[in-house]
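Chemist: One predicted model, sequence on top.
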Amino acid sequence: MKITDPDTPDPLPKFTAEMEKAIKDLRETALRTVVPASDQLSLLAKECALPTKQLQGIFEKTEFLPSAQLKALAEEMRSQTVQWSQTAEEMRPLFEHAAEVWRECRDGAARLAKSGWTLPAHMTPREMLELLNEPNDDAIDRAFIEFYHDAGQISFLKRAILASPRFKEWEQLLEQCFDNYESGKYLICIPALLSVLEGGLALPEGATFIGSKERIKYFNSKLDASQPLSIKHAMWNSMNEFVKALYQDRHFDQGRPLKLNRHWILHGRDIPSSWRQADALRLFHALSTICSLCSPVSG
């Protein structure tokens with residue numbers, strides 16, 4: 001008679017199950033370490049220019065690595081996560097400062113428009129904030145003249161406007177305007193530039209600028225099409241405020257407007273001897289804003 005051991009459960013399945021559970025727990029623990037927290041993952045996704053879900057998927061693919069490689073990667077990623085957190089914390093004051101500077105520039109656009117200037121696309125934030133610190137409109141005018149002439153920006157302005165397809169129809173007129181401006185003959189530029197400004201905004205898109213309702217509709221469509229906190233939105237808002245002031249209703253039996261007024265000038269009611277260099281420059285400057293905002297046909 002053959003002696004046999006009592007019936008006992010086969011230990012192999014139990015051992016296998018325990019090992020599988022241990023490996024699974026290890027991988028889950030490593031994944032929690034490898035995959036950064038959601039806020040860190042979003043920040044990293046922006047830095048990598050990848051969608052957050054795609055980046056998360058890249059991290060989660062480590063589940064298929066052998067355990068030894070997974071542990072090594074987990075340690076490396078834990079170190080990187082700490083570094084990302086430290087970097088984000090160190091960068092926070094810079095981000096906050098940049099956001100504050102942008103808010104000041106954006107809010108300053110309204111003041112510039114009231115002073116007769118559109119938002120300058122080619123000024124640095126520092127230059128614009130210095131300009132906004134000027135005490136009055138005359139000081140702002142002088143600051144713009146210094147920026148364009150002393151800083152050598154007038155040649156850049158000229159090239160940008162003359163090269164713009166938006167103003168192709170007025171190229172010869174603009175060349176003569178610049179020739180006269182450079183010769184110190186500012187007065188002849190102003191009626192011509194008013195015509196170019198209106199045409200450059202309206203004609204390529206078949207828009208009408210005859211009444212205030214048409215102008216409101218035009219600018220509302222531009223503002224609605226741009227992101228509310230973007231530089232483009234701020235520039236369109238600046239141009240809108242500038243045009244409102246330029247086209248302001250003022251009866252001819254009232255006193256002369258203190259600022260350039262399109263109706264008074266083009267209907268022959270204004271006094272050219274009261275115009276200044278800054279008035280011609282502010283219109284050239286507005287054309288450069290249009291160049292930055294508008295494509296040749298679609299705006």
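Modeler: Thanks, I have it.
Chemist: What about residue 234, how many residues nearby?
Modeler: The number of residues packed around residue 234, counting by other C-beta atoms under 10 Å, is 22. (Glycine included, C-beta is placed from N, CA and C.)
Chemist: so it is in which element?
Modeler: Assessed by DSSP states H and E, residue 234 sits inside helix 231-246.
Chemist: what's next to that helix, contact-wise?
Modeler: By C-beta atoms under 8 Å, 6 or more residues apart in numbering, the surrounding residues in contact with helix 231-246 are 105-106, 109-110, 112-114, 116-119, 121, 194, 201, 215, 219, 222-223, 226-227, 259-262, 286, 289-290, 292-293.
Chemist: Mind checking which of the residues you listed are buried?
Modeler: Buried by 16 or more other C-beta atoms under 10 Å: 105-106, 109, 112-113, 116-119, 121, 194, 201, 215, 219, 222-223, 226, 260-262, 286, 289-290, 292-293, out of the contacts of helix 231-246.
Chemist: coming back round to it: and the helix or strand following the helix holding residue 234, what does it pack against?
Modeler: Of the helices and strands lying after helix 231-246 in sequence (DSSP H and E), the nearest is helix 262-266. When contacts are defined as 3 or more C-beta pairs under 8 Å, 6 or more residues apart in numbering; DSSP states H and E, helix 262-266 sits against helix 189-202.
Chemist: Can you name the next helix or strand after the helix it packs on?
Modeler: Using DSSP H and E, the helix or strand that follows helix 189-202 towards the C-terminus is helix 212-224.
Chemist: That following helix to helix 231-246, inter-axis angle?
Modeler: Put simply, helix 212-224 runs at 170 degrees to helix 231-246, going by axes from the mean of the first three to the mean of the last three C-alpha atoms, to 10 degrees.
Chemist: Next, count neighbours for the nearest residue to residue 271 once chain neighbours are set aside.
Modeler: Leaving out its chain neighbours, the residue that sits closest to residue 271 by C-beta to C-beta, 6 or more residues apart in numbering is residue 256, at 6.7 Å. Neighbourhood size, residue 256 [other C-beta under 10 Å]: 12.
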